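Student: can't give you the sequence, but here's the structure:
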């Protein structure tokens, strides 16, 4: 009789835990964006051009180097800062200059930002400069998008694939 009571108690406790887990997994309902809104995320990691161009070493410079370190050219590691802009329907939402990461400033610059916009059609424009030029942009994209309610539009940047990617 004692084992039946123990078994019944375990069933009740496990059932109560399962019921509580189910209840808290569906209530309250969580939405990442309010009703009638969509989300645009700009997220990328990219390294800009090197600040100084590679140069060829002279024979005297090569002779001074240890034999294991002899190479015909030398390149500075430091990279330029990346300028990024994002506009939706003509309104500038993001305008930043991203510094390279790392102690030697030789790592990729990173961006991750989110914006809430009303659902519906939008004109999205993106610009990025990763070279030594002082003005203008190396990559631009202008695209009309239709955003549904609670949709997430991810904007990535991959230079090898032509620049900005909308997903």
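Tutor: On my side now, so go ahead. In this text the structure is predicted, and so the values were computed from the model without any measurement.
Student: C-alpha only now, for contacts and for neighbours.
Tutor: OK.
Student: got the contact list for residue 33?
Tutor: Residue 33 makes contact with 39, 116, 150, according to Cα atoms under 8 Å, 6 or more residues apart in numbering.
Student: The last one: which element?
Tutor: The reference is to residue 150. Remark: residue 150 resides in no helix or strand, with elements defined by DSSP states H and E.
Student: Give me the buried entries from the contacts of residue 33.
Tutor: When the contacts of residue 33 are checked for burial by 16 or more other Cα atoms under 10 Å, the buried set is 39, 150.
Student: By pLDDT, give me the weakest of the contacts of residue 33.
Tutor: Within the set of those, pLDDT is lowest for residue 150 (91).
Student: Now that one. Nearest residue, chain neighbours left out?
Tutor: Leaving out its chain neighbours, the residue that sits closest to residue 150 by Cα to Cα, 6 or more residues apart in numbering is residue 38, at 4.7 Å.
Student: Give me the below-cutoff pLDDT ranges for this structure.
Tutor: Across the chain, not a single residue meets the criterion (pLDDT under 70).
Student: The most centrally placed residue in it: what's it in contact with?
Tutor: The centroid of the chain falls nearest to residue 43 when counting by Cα atoms, centre = their mean (2.2 Å). Applying Cα under 8 Å, 6+ apart to residue 43 gives the contacts 110-113, 154-157.
Student: could you redo those as CSV and give each row secondary structure?
Tutor: Shown next, in CSV, are the contacts of residue 43 (DSSP: H, G, I helix; E, B strand; the rest coil):
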residue, secondary structure
110, strand
111, strand
112, strand
113, strand
154, strand
155, strand
156, strand
157, strand
